[in-house]
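Trainee: Whatever this is, show me its structure:
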Amino acid sequence: VRSIVGSLELVGSGSWQPDDIDTALKARERAACGPVAPPDGLFLMDVTYEAGVF
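Mentor: I've put the predicted structure just below:
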(Lines give C-alpha, C1' and ligand atoms only; values in the text may rest on other atoms or scores of the structure.)
Protein backbone atom coordinates (compact mmCIF):
# COMPACT_ATOMS: atom_id res chain seq x y z
CA VAL A 1 0.00 0.00 0.00
CA ARG A 2 2.77 2.44 0.89
CA SER A 3 4.57 1.81 -2.40
CA ILE A 4 1.37 2.42 -4.34
CA VAL A 5 0.74 5.67 -2.46
CA GLY A 6 4.30 6.79 -3.15
CA SER A 7 3.82 6.03 -6.84
CA LEU A 8 0.52 7.91 -6.91
CA GLU A 9 2.26 10.92 -5.36
CA LEU A 10 4.66 10.90 -8.32
CA VAL A 11 1.69 11.02 -10.70
CA GLY A 12 0.15 13.86 -8.69
CA SER A 13 3.36 15.88 -8.82
CA GLY A 14 3.65 15.38 -12.59
CA SER A 15 6.84 13.30 -12.35
CA TRP A 16 5.04 10.19 -13.65
CA GLN A 17 2.24 9.69 -16.14
CA PRO A 18 -0.80 7.67 -14.98
CA ASP A 19 0.26 4.78 -17.25
CA ASP A 20 3.50 4.51 -15.26
CA ILE A 21 1.48 3.07 -12.35
CA ASP A 22 0.36 0.17 -14.54
CA THR A 23 3.93 -0.39 -15.71
CA ALA A 24 5.23 -0.42 -12.13
CA LEU A 25 2.58 -2.88 -10.95
CA LYS A 26 3.14 -5.22 -13.89
CA ALA A 27 6.91 -5.22 -13.24
CA ARG A 28 6.25 -6.88 -9.86
CA GLU A 29 9.51 -5.44 -8.57
CA ARG A 30 9.86 -2.99 -5.71
CA ALA A 31 12.50 -1.00 -7.62
CA ALA A 32 9.94 -0.16 -10.33
CA CYS A 33 7.67 1.62 -7.84
CA GLY A 34 7.88 5.12 -6.46
CA PRO A 35 9.26 5.87 -3.00
CA VAL A 36 7.62 4.22 0.01
CA ALA A 37 5.18 6.65 1.61
CA PRO A 38 5.63 7.28 5.34
CA PRO A 39 3.34 5.18 7.56
CA ASP A 40 2.02 8.17 9.52
CA GLY A 41 -1.75 8.36 9.13
CA LEU A 42 -1.85 5.76 6.37
CA PHE A 43 -3.91 2.62 6.94
CA LEU A 44 -5.83 0.08 4.91
CA MET A 45 -9.54 0.35 5.66
CA ASP A 46 -11.08 -2.34 3.48
CA VAL A 47 -10.35 -5.04 0.94
CA THR A 48 -13.03 -6.44 -1.34
CA TYR A 49 -12.71 -9.52 -3.54
CA GLU A 50 -15.05 -10.55 -6.30
CA ALA A 51 -17.07 -13.72 -5.72
CA GLY A 52 -15.29 -17.01 -6.30
CA VAL A 53 -11.74 -15.79 -5.64
CA PHE A 54 -11.43 -17.92 -2.49
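Trainee: can you pull the contacts of Val36?
Mentor: 2-3, 6 (C-beta atoms under 8 Å, 6 or more residues apart in numbering). No exception for glycine: its C-beta is placed from N, CA and C like everyone else's.
Trainee: Can you flag the buried ones in these?
Mentor: 3, 6 (16 or more other C-beta atoms under 10 Å).
Trainee: Just the contacts of Val36: which are in helices?
Mentor: Among the contacts of Val36, DSSP state H puts 2-3, 6 in helices.
Trainee: so which of these comes closest to Pro39?
Mentor: Arg2 (6.6 Å; C-beta to C-beta).
Trainee: could you measure that closest one against Pro38, distance?
Mentor: Remark: distance between Arg2 and Pro38 (C-beta to C-beta, to the nearest Å) = 8 Å.
Trainee: Once you drop chain neighbours, what's closest to Gln17?
Mentor: Val11 (7.1 Å; C-beta to C-beta, 6 or more residues apart in numbering).
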